[in-house]
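**Q** Build the 3D model from these lines:
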Amino acid sequence: MTGGVIIAAPSSGSGKTLVTLGLARAFVRQGLAVQCFKSGPDYIDPAFHRAATGRASFNLDSWAMGQGQVAGLLSKADGADIVIAEGAMGLHDGVAKAGAWGHGASADLALHLDWPVVLVIDAGGQAQTAGAVALGLAKFRPGLRLAGVILNKVASPRHERLLRAGMAQAGIAVLGALPKLASVALPERHLGLVQAEELPELEAILNAAADLVAAHVDLDALRAAAGVLRFGPMPRITPPGQRIALARDAAFSFIYPHLIDGWRAAGAEVVTFSPLADEAPPVADVCWLPGGYPELHADVLASADKFRAGMQTFSGPVHGECGGYMVLGEGLVDKAGVRHQMLGLLGLVTSFERRKMHLGYRLATLLVPMPGQGAGTRLRGHEFHYSTILDQPDPPLAQVQDAEGNAVAESGSHRGRVSGSYFHLIAEAS
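**A** The predicted structure is shown next:
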């Protein structure tokens, strides 16, 4: 029977992603079908999950998604032998004000799904104290089940003995102890992490992580601890059109997988095209430019004449999210201060010359319609970028708030048939 575990940690940087990928690939090599999920709005880790398992990974979010949507997404695990959900940040980290039904914390999912947590503890700089840390995390919210810990970055056999002694004193099982190996790591780069498709050596990294985990983690005990999987029907997601032209390449690499699946389940056809290959959008009811990293390809996009002409003559509604929104604007200034001409379908001008992080959940109330959504609709999403708006002359698309109800200046904008926003759509708000 399929069972699930949540891989969590006291904080970011503890090794959750590496352990998740190592476990996933190790189980795959045993002949098991592995389904991964990601807690929260992170869009990079699921691409790594897919590379490790061969199955699409989906986000589960207690702030942005209703419980029915979470239950529906769990149906993606049907037929899997084990489910591994990777947490975000620290186990109990979330926003201050609850959203759909939780604060966006990994612990929300663990309690709601009744799945046990496997804690990844970065053991660097501590010994028996790690037991106290794990015990505190386990007891912080009543009802949370802790399957055990995987100790990461263990320096020596003596260090491991001390760590195990601390865990024994806390009454916590040790499922594995990973030695510190600099050769098994994921490189960091843009917005915190490199994308999966940018790593030609990814297969080698996945197999090295699997070798490490298989040698030092009790896989049978971890699988035996997994909780029961319960899922329900997936609520309908309204597609933006019947035939959707979706930009898809290295510059437009991100849209939440559950949206595309939901559009198709609702009967829509999704056809992709590549602006970087200077392709015009195909004939469709609507064109959607998702997020990504256009600033890394601004010179190519600026000279993509067929793409530009096709977008300017496209007859249906056009919408852009984050990176797609920037490309719809008049200009994009790269980190070197060079301005690149964009599509000019909106008056937006953005800059990376002075980087400033914009990060967090967003609740948007549409002031005008956008593809698939009417005016007044409330949408839950997420914003994550380093660009700054230099000019935004068009009317706002929405009233936008952060997770605490504070007004957000990045409201999106619209002009005629074209609209865009910085926030990535996750779900309609109830």
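**Q** Does P179 touch V213 like I think?
**A** No: in this structure, P179 is not within contact of V213 by Cβ atoms under 8 Å, at 11.6 Å. (C-beta placed from N, C-alpha, C; glycine too.)
**Q** now the helices for the protein?
**A** Secondary structure of the chain, counting by DSSP state H: helices at 16-29, 45-53, 67-74, 106-113, 129-139, 157-170, 202-216, 219-225, 257-265, 298-302, 305-313, 323-328.
**Q** Save those helices as TSV, and put in mean pLDDT too.
**A** Conversion of the helices of the chain to TSV gives the following (pLDDT from 0 to 100):
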stretch	mean pLDDT
helix 16-29	97
helix 45-53	93
helix 67-74	97
helix 106-113	98
helix 129-139	98
helix 157-170	98
helix 202-216	93
helix 219-225	97
helix 257-265	96
helix 298-302	98
helix 305-313	98
helix 323-328	98
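**Q** Export those as TSV, with columns for distance to G344 and mean neighbour count.
**A** As requested, those are arranged in TSV below (distance: least, Cβ to Cβ, whole Å; neighbours: other Cβ atoms under 10 Å):
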stretch	distance to G344	mean neighbour count
helix 16-29	39	25
helix 45-53	31	23
helix 67-74	37	20
helix 106-113	42	23
helix 129-139	51	18
helix 157-170	59	17
helix 202-216	37	19
helix 219-225	54	16
helix 257-265	27	19
helix 298-302	11	19
helix 305-313	8	16
helix 323-328	8	29
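**Q** Tell me which of these lies nearest to S387.
**A** Among these, the nearest to S387 by Cβ to Cβ is helix 323-328 (6.5 Å).
**Q** Export only the CA atoms of the closest one, formatted as PDB.
**A** Below are the C-alpha coordinates for helix 323-328, written out as PDB (Å, rounded to 0.1, in the frame of the first residue of the first chain):
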ATOM      1  CA  GLY A 323       9.200  37.000 -16.200                       C
ATOM      2  CA  GLY A 324       6.500  36.800 -18.800                       C
ATOM      3  CA  TYR A 325       5.100  40.100 -17.500                       C
ATOM      4  CA  MET A 326       8.500  41.800 -17.900                       C
ATOM      5  CA  VAL A 327       8.800  40.600 -21.500                       C
ATOM      6  CA  LEU A 328       5.400  42.100 -22.300                       C
END
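**Q** helices and strands around that helix, which ones?
**A** Packed against helix 323-328 by the contact rule (3 or more Cβ pairs under 8 Å, 6 or more residues apart in numbering; DSSP states H and E) you find strand 286-289, strand 318-321, strand 418-421.
**Q** from the chain's centre, how far out does it sit?
**A** Taking the mean of its C-alpha atoms, helix 323-328 sits 19 Å from the chain's own mean (Cα atoms, centre = their mean, to the nearest Å).
**Q** try stretch 59-75
**A** What separates the centre of stretch 59-75 from the centre of its chain is 13 Å, taken as Cα atoms, centre = their mean.
**Q** so who does E295 touch?
**A** With contact taken as Cβ atoms under 8 Å, 6 or more residues apart in numbering, E295 is in contact with G323, M326, L332, D334, K335, F352, S387.
**Q** Next, work out how far apart it and R362 are.
**A** Counting by Cβ to Cβ, to the nearest Å, the separation of E295 from R362 is 21 Å.
**Q** try L175
**A** If you go by Cβ to Cβ, the gap between L175 and R362 works out to 37 Å.
**Q** Would you confirm that Q128 contacts L162?
**A** Yes: in this structure, Q128 is within contact of L162 by Cβ under 8 Å, at 5.8 Å.
**Q** Can you give me the end-to-end span of stretch 7-19?
**A** The straight-line separation of the ends of stretch 7-19 (Cα to Cα, to the nearest Å) is 8 Å.
**Q** which residues touch it?
**A** Defining contact as Cβ under 8 Å, 6+ apart, one finds that stretch 7-19 is touched by 20, 23, 45, 48, 84-91, 93, 106-107, 110, 117-122, 133, 137, 150, 152-153, 178, 184-186, 209, 213.
**Q** switch the cut-off to 7 Å
**A** 20, 45, 48, 84, 86-87, 89-91, 106, 117-122, 133, 137, 150, 152, 184, 186, 209, 213 (Cβ atoms under 7 Å, 6 or more residues apart in numbering).
**Q** Indicate which one of the helices and strands packed on helix 323-328 is closest to S57.
**A** Taking Cβ to Cβ, strand 318-321 is the member of the helices and strands packed on helix 323-328 nearest to S57, at 19.6 Å.
**Q** measure the residue nearest to H103 when sequence neighbours are not counted to S106 for me?
**A** Nearest non-adjacent residue to H103, counting by Cβ to Cβ, 6 or more residues apart in numbering: G94, 3.2 Å away. For G94, the distance to S106 equals 8 Å [Cβ to Cβ].
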